[in-house]
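Visitor: what follows is a predicted protein model with its sequence.
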Amino acid sequence: ITPDLDRYPNGDILWCQEEPLNNGVWTYVDPRILTAAGESVHHRNRRPLYAGRAPTSSVVMGHKGVHKREIEIFVNEAFSL
């Protein structure tokens, strides 16, 4: 992704996932994105941003209304960063 990062010198690097922070692949991709950003011209020392659910012991809340509201919150967060 390094060449693509430099195509957007003022862009932010954002990872968005529906799974909770501790259940998705964020912990795997974060250091890899950071390494790729470090090899770019415009994104050195920029940490990727995270938009998604907070850490939880289950993948879903189990209540459709709460689940829908959580999705709305992190999608809005992702588009406002």
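Guide: That came through, no problem. Just so it is clear, the structure is predicted and the values come from calculations on it, not from any experiment.

Visitor: what's around residue 47, how many residues?
Guide: Burial measure for residue 47: 11 neighbouring residues, criterion other Cβ atoms under 10 Å. (C-beta placed from N, C-alpha, C; glycine too.)

Visitor: same thing with residue 57?
Guide: So residue 57, with other Cβ under 10 Å, has 7 neighbours.

Visitor: and what of residue 25?
Guide: 11.

Visitor: please report how far it lies from residue 32.
Guide: According to Cβ to Cβ, to the nearest Å, residue 25 stands 10 Å off from residue 32.

Visitor: got it, and residue 44?
Guide: From residue 44 to residue 32 the distance is 15 Å (Cβ to Cβ).

Visitor: cool, and residue 5?
Guide: Taken as Cβ to Cβ, the span from residue 5 to residue 32 is 13 Å.

Visitor: so what secondary structure elements neighbour the top helix by length along the chain?
Guide: For the chain, the longest helix by residue count, based on DSSP state H, is helix 64-80. With contacts taken as 3 or more Cβ pairs under 8 Å, 6 or more residues apart in numbering; DSSP states H and E, helix 64-80 sits against strand 14-20, strand 49-53.

Visitor: what is the residue sitting nearest the centre point of the chain paired to in the beta sheet?
Guide: With distances taken as Cα atoms, centre = their mean, residue 15 lies nearest the centre of the chain, 2.1 Å away. Beta bridges link residue 15 to residue 50, judged by DSSP bridges.
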